[in-house]
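Peer 1: Here's a sequence, model it:
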Amino acid sequence: MSEGQGILRAPKGLAGLSVADTKISKSGSDGSLVYRGYPISELAANATFEETAYLVLNGRLPTRGQLGEFSEGLASRARVDARVFAIMKGLGRRAHPIDVIRTAVSSLGSIDREEAPGDEEASIEAKMSVLAANSHRVPLGERPRLPRDERGFASNLLQMLTKREASDFERWVFERVLIFYMEHDLNASSFTVRVVASTLADPYAAASAGLSSLKGPLHGGANEAAMEMLLEVKDAANAGAYLDRKFREGKKLMGFGHRVYKAFDPRARLCKVYLKQMADESGDPRLYELCDAVEREMWEKKKIPPNLDYYAAPIFYLLGIEVPLYTPIFAASRIFGWMAHYNEQTEENKLIRPDSVYIGPSGLKYQPLGKRSG
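Peer 2: Modelled structure (predicted):
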């Protein structure tokens, strides 16, 4: 970091620069990731989605009573007002799912004040999964699919997303992937949420801003792009030639590389194991073999490891989830991390307002319209 014009200049993209203290989570270049002190592998092996969400939000694992109350709260608040579904439908068949969810969350900012004042964060957390699952279906004119009371958060989301009944193992795998997507320290969307929270805007505004940051392919949309790439490669035998062609064209391959993880992403490593187990259970190894071949070719040619999106995408595909819903799944889980960051920011708030170095022209004189040259 260097000084210029009386201010400190940060690297582009704020790479390597710490801008906040947090107790929520931390990723490390050594391939580590902790949520509130718990290694991600520990949570993946033992915790439910609700336990992890409670941990991320409250800083500790729940007791049995606290878990029951939290789970019941998610279920009871999941009902989405018919007016919200009408707004989603009105956006039309060509609406991007993230635009649909973002608009729906914004509308909740008014409707919840009418129906559940003072319950904003819990309402968004509970309803985001319903909005995500229906963000592609409702604009197409289909009836919304709703959660079943007797199921947990992850199982409810999966049954809303798909048209077939998943096995117990498939539901378990899906729940692990949701846990991985829940939180990841100061990523682009969480930083966006904290910037909006620092203005003391309400949680609906902060969540809408976080959703906006997911629309581009470099953050939330990467899982969709990764699956589209795998479908384009088609076969493990094509992996090397496909990558060579993309490199010659100067194309970026989504699902690879990470600002923090340089050797491996611990979430991707675990998802690869789950994908292999799913392939073994189905008796069809082709998609796993394709993923493994592309990963090996990428490492051999560029020494770039896969990230979570790369192995989450084929898991979603085998579960029968439509590709346009992959980024909404991210949102349905990450809302818990966003609200944890919202609370952490507002508890000891200072408006986030960095400076910039002006490098444009100066001293220009106004010219009347008729005297301006082209």
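Peer 1: alpha carbons only for contacts and neighbour counts from here, please
Peer 2: Will do.
Peer 1: in what helix or strand does Leu55 lie?
Peer 2: helix 49-58 (DSSP states H and E).
Peer 1: ok, residues contacting that helix?
Peer 2: Contacts to helix 49-58, defined as CA atoms under 8 Å, 6 or more residues apart in numbering, come from residues 24, 35-36, 43, 60-62, 67, 70-71, 153-154, 175-176, 178-179, 182-183, 336-337, 339-340.
Peer 1: what's the average pLDDT for that helix?
Peer 2: In this model, helix 49-58 has an average pLDDT of 98.
Peer 1: Name the surrounding residues that touch whatever helix or strand comes next after it.
Peer 2: Next in sequence after helix 49-58, counting helices and strands by DSSP H and E, comes helix 64-76. Here helix 64-76 makes contact (CA under 8 Å, 6+ apart) with 50-51, 54, 122-123, 125-126, 149, 152-153.
Peer 1: Repeat that for stretch 226-243.
Peer 2: 253-255, 286, 289-294, 297-298, 309-310, 313-314, 317, 323.
Peer 1: so where is the protein shaky, pLDDT-wise?
Peer 2: For the chain, the stretches flagged by pLDDT under 70 are 1-6, 115-118, 374.
Peer 1: quick one, longest helix in it?
Peer 2: Using DSSP state H to define each element, the chain has its longest helix at helix 326-347.
Peer 1: just checking, what packs against that one?
Peer 2: If you count contacts as 3 or more CA pairs under 8 Å, 6 or more residues apart in numbering; DSSP states H and E, helix 326-347 packs onto helix 49-58, helix 97-115, helix 120-134, helix 168-181, helix 188-197, helix 203-212, helix 222-233.
Peer 1: Mean neighbour count and distance to Val80 for the ones you listed - can I get that in TSV?
Peer 2: Putting the helices and strands packed on helix 326-347 into TSV (neighbours: other CA atoms under 10 Å; distance: least, CA to CA, whole Å) gives the following:
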stretch	mean neighbour count	distance to Val80
helix 49-58	22	20
helix 97-115	19	9
helix 120-134	24	7
helix 168-181	22	21
helix 188-197	24	23
helix 203-212	23	15
helix 222-233	20	26
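Peer 1: The closest residue to Ser208 other than its chain neighbours and Ser212, how far apart?
Peer 2: Sequence neighbours aside, Arg102 is the residue nearest to Ser208 in space, at 5.1 Å (criterion: CA to CA, 6 or more residues apart in numbering). Arg102 sits 7 Å away from Ser212, going by CA to CA, to the nearest Å.
Peer 1: Likewise for Arg372?
Peer 2: In terms of CA to CA, Arg372 sits 38 Å off from Ser212.
Peer 1: now do Met229
Peer 2: Using CA to CA, Met229 is found at 23 Å from Ser212.
Peer 1: which two in the contacts of helix 64-76 are spaced the farthest apart?
Peer 2: The most widely separated members of the contacts of helix 64-76 are Tyr54 and Asp149, with 19.3 Å between them, by CA to CA.
Peer 1: Quick check: nearest residue in space to Ser333, chain neighbours excluded?
Peer 2: Met182 is the one closest to Ser333 (CA to CA, 6+ apart), at 4.8 Å.
Peer 1: now swap in Leu161 and tell me
Peer 2: Ala133 (5.2 Å).
Peer 1: Of all residues in this protein, which one is nearest the centre?
Peer 2: For the chain, the residue nearest the mean C-alpha position is Phe330 (3.3 Å; CA atoms, centre = their mean).
Peer 1: of the contacts of helix 49-58, buried ones?
Peer 2: Among the contacts of helix 49-58, those scoring as buried are 24, 35-36, 43, 60-62, 67, 70-71, 153-154, 175-176, 178-179, 182-183, 336-337, 339-340 (criterion: 16 or more other CA atoms under 10 Å).
Peer 1: wait, doesn't the residue nearest to Ser333 sit right on Met339?
Peer 2: No - judged on CA atoms under 8 Å, Met182 makes no contact with Met339 at a distance of 10.7 Å.
Peer 1: Who are the contact partners of the residue nearest to Leu161?
Peer 2: 145, 157, 160-161, 325, 328-329.
Peer 1: So which of those is surrounded by the most neighbours?
Peer 2: Comparing the contacts of Ala133 by number of neighbours (other CA atoms under 10 Å), Pro328 comes first, having 28 neighbours.
Peer 1: which residues does it contact?
Peer 2: 97-98, 101, 132-133, 135 are the contacts of Pro328 under CA under 8 Å, 6+ apart.
Peer 1: swap the cut-off to 10 Å and go again
Peer 2: Pro328 sits next to 97-98, 100-101, 128-129, 131-136, 211, 214-215, 220-221, 334 when contact means CA atoms under 10 Å, 6 or more residues apart in numbering.
Peer 1: rewinding a little: identify the spatial nearest neighbour of the residue nearest to the centre of the chain, chain neighbours not counted.
Peer 2: That would be Tyr181: by CA to CA, 6+ apart, it lies 5.9 Å from Phe330.
Peer 1: Lys301 is in what secondary structure piece?
Peer 2: Here Lys301 is assigned to helix 286-302, by DSSP H and E.
Peer 1: What's the first helix or strand after that helix?
Peer 2: Counting by DSSP H and E, what follows helix 286-302 is helix 308-318.
Peer 1: just checking, Thr162 touches Leu319?
Peer 2: Yes - using CA atoms under 10 Å, Thr162 is in contact with Leu319, at 7.6 Å.
Peer 1: and the two? which has more neighbours close in?
Peer 2: Neighbours were tallied for Thr162 and for Leu319 using other CA under 10 Å; the higher tally belongs to Leu319 (22 against 16).
Peer 1: Could you measure from the residue lying closest to Tyr310 once chain neighbours are set aside over to Phe316?
Peer 2: Closest residue to Tyr310 apart from its sequence neighbours, by CA to CA, 6+ apart: Gly255 at 4.2 Å. For Gly255, the distance to Phe316 (CA to CA) stands at 14 Å.
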